[in-house]
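[1] Sharing a model prediction with you, sequence too.
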Amino acid sequence: MNQFENITVKCPNPEHTKNVKYVCFDESCKEQRLYCHECIKIGKHVTHLQHQEELPFLFEHISRIEKESDDLINRINKQMDLIQNDFFLLIGGIRSEYQISKQQLHNLNLEQINSFLSQSIHFKQFELTIEKLLQELIKEFQDQITKLKNDLNLFALDYYQISKSNIEKSEELFKIGYKLYRDDKYEEAIEIFDQALNFNSNHQLSLVTKAESLKMLHQYNEAIIWADKALQVNSNHYISFYTKADSLRGLNQYNEAILWIDKALQINPKDFYSLFTKADSLRMLEQYTEAIIWAEKALQINPQHCFSLYTKADSLRMLDKYSEAIIWANKALSVNPKHCNSLYTKGNSLRQLKKYKEAMEVIEQSLKINANHFDSLRIKGECLHDQKQYQQALVFYDKALEINSNHQWTQNRKSIVFLTIR
Ligand SMILES: [Zn+2]
Ligand SMILES: [Zn+2]
């Protein structure tokens, strides 16, 4: 707001010589909102003196409304995400209710086949109902949105006539900020992007790179607000979609992350980072087969990406494909030998294959790099547990629980040890 603080404006009344001193905040007032001493003398605004403020209050007001409208946008965006999410769940429901593979059919008993048939015979009726209902709801929604949009346009003014020199200044500042961003100096970069945006609030690259910098600082909610602003300037920019999606992943909102990453991938299907974000979100949603498909797409573009290799390895482990998991964990470790998550995946897979000695060695390696690596601690406990070294197992379950005391799996394993040695 610095650019406003020393503002001096002449009173809009052409007969007055003084500068604006006051602002009228009365809701029903029809006079000029900005006015001077002389205006009061001729009786302007005197009927509602309780709503008059001195000029500097205007800047507080502007900042407050900016923040409040950002918060509103954030809230209604989240509501839309939730709707879209519900919608995908509905689609999933339709699939699981009405679609069945030959393989699945073979595994059903007669009673189950009977109930599937009864359902599918009613499909036509369901189809009619859902289509009619959705059409009505969507039409109502679109009508209301159009109405709201028209109301806004009534008051839409062309607030900013951005001068050519201001556009050039914002470009120059962006380049400086971008260099700081590339050097991982995110806080400093944000300061420069803010300056660029003071000259041109619609500078899209400054908006999105500010969002990306906030994401790198783990300020995910803020990052989403700025990615939304970038999308308002250009609703077809895949990096803005990616930044929003990856911030949602940072907030553990994986379903929403996938909604937005799909928009990025629609524009740029070969964006490596978007492919990885999708793969990792799917893994976190325990959709391991899908996660592997998307990790492989990322790896086609960048075969040496440690996190994508790990995502594939750990998804294979979760699908009980331990030998393959070890192969892919080894690939991740050949890129980064100190990647504790990959060491954990390898160690845990070896344990599942009952190669306890090798498993222990790998887990030890991980704990040497990070003595507080949660998964390595709990799986060291599990490995000792498997080898009936109950007291030692308890030591490591406890160490893991010191880091994450609410971890249900570890608590359960610990109770089992107690029941065994009782
Ligand atoms: Zn005046
Ligand atoms: Zn007034």
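    That came through, no problem. Ligands and ions are numbered 1, 2, ... in the order given.
[2] tell me which residues in stretch 233-248 are buried?
    Going by neighbour count (16 or more other C-beta atoms under 10 Å), the buried part of stretch 233-248 is His237, Tyr238, Ile239, Ser240, Phe241, Tyr242, Thr243, Lys244, Ala245, Asp246, Ser247, Leu248. In short, each C-beta sits where N, CA and C put it, glycine included.
[3] Quick check: next helix or strand after the host helix or strand of the fourth one?
    Here Ser240 is covered by helix 238-250, with elements defined by DSSP states H and E. Next helix or strand after helix 238-250 toward the C-terminus (DSSP H and E): helix 254-267.
[4] residues making contact with that next one?
    Helix 254-267 is contacted by residues 81, 84-85, 88, 236-239, 241-242, 244-246, 248-249, 271, 274-275, 277-278, 281-282, 284-285 when judged by C-beta atoms under 8 Å, 6 or more residues apart in numbering.
[5] then it to CSV, C-alphas only?
    Extracted C-alpha coordinates of helix 254-267, given in CSV (Å, rounded to 0.1, in the frame of the first residue of the first chain):
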residue,chain,number,x,y,z
TYR,A,254,-5.3,-35.3,-2.7
ASN,A,255,-8.6,-35.6,-4.4
GLU,A,256,-8.7,-31.8,-4.9
ALA,A,257,-5.1,-31.9,-6.1
ILE,A,258,-6.0,-34.4,-8.8
LEU,A,259,-8.9,-32.2,-9.9
TRP,A,260,-6.6,-29.3,-10.6
ILE,A,261,-3.7,-31.3,-11.9
ASP,A,262,-6.0,-32.7,-14.5
LYS,A,263,-6.6,-29.2,-15.7
ALA,A,264,-2.9,-28.6,-16.1
LEU,A,265,-2.4,-31.9,-17.9
GLN,A,266,-5.3,-31.0,-20.3
ILE,A,267,-3.2,-28.0,-21.4
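[6] and that helix with helix 238-250, angle?
    Angle, helix 254-267 to helix 238-250, by axes from the mean of the first three to the mean of the last three C-alpha atoms, to 10 degrees: 160 degrees.
[7] Just the buried positions in helix 254-267, please.
    Buried-residue list, helix 254-267, by 16+ other C-beta under 10 Å: Tyr254, Asn255, Glu256, Ala257, Ile258, Leu259, Trp260, Ile261, Lys263, Ala264, Leu265.
[8] near ligand 1, which of those residues show up?
    Among the buried residues of helix 254-267, no residue lies close to ligand 1 (C-beta under 5 Å from the ion).
[9] can I get the residues you listed in JSON lines with pLDDT?
    Listed next are the buried residues of helix 254-267 as JSON lines, based on pLDDT from 0 to 100:
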{"residue": "Tyr254", "pLDDT": "93"}
{"residue": "Asn255", "pLDDT": "90"}
{"residue": "Glu256", "pLDDT": "90"}
{"residue": "Ala257", "pLDDT": "94"}
{"residue": "Ile258", "pLDDT": "94"}
{"residue": "Leu259", "pLDDT": "91"}
{"residue": "Trp260", "pLDDT": "94"}
{"residue": "Ile261", "pLDDT": "96"}
{"residue": "Lys263", "pLDDT": "94"}
{"residue": "Ala264", "pLDDT": "96"}
{"residue": "Leu265", "pLDDT": "96"}
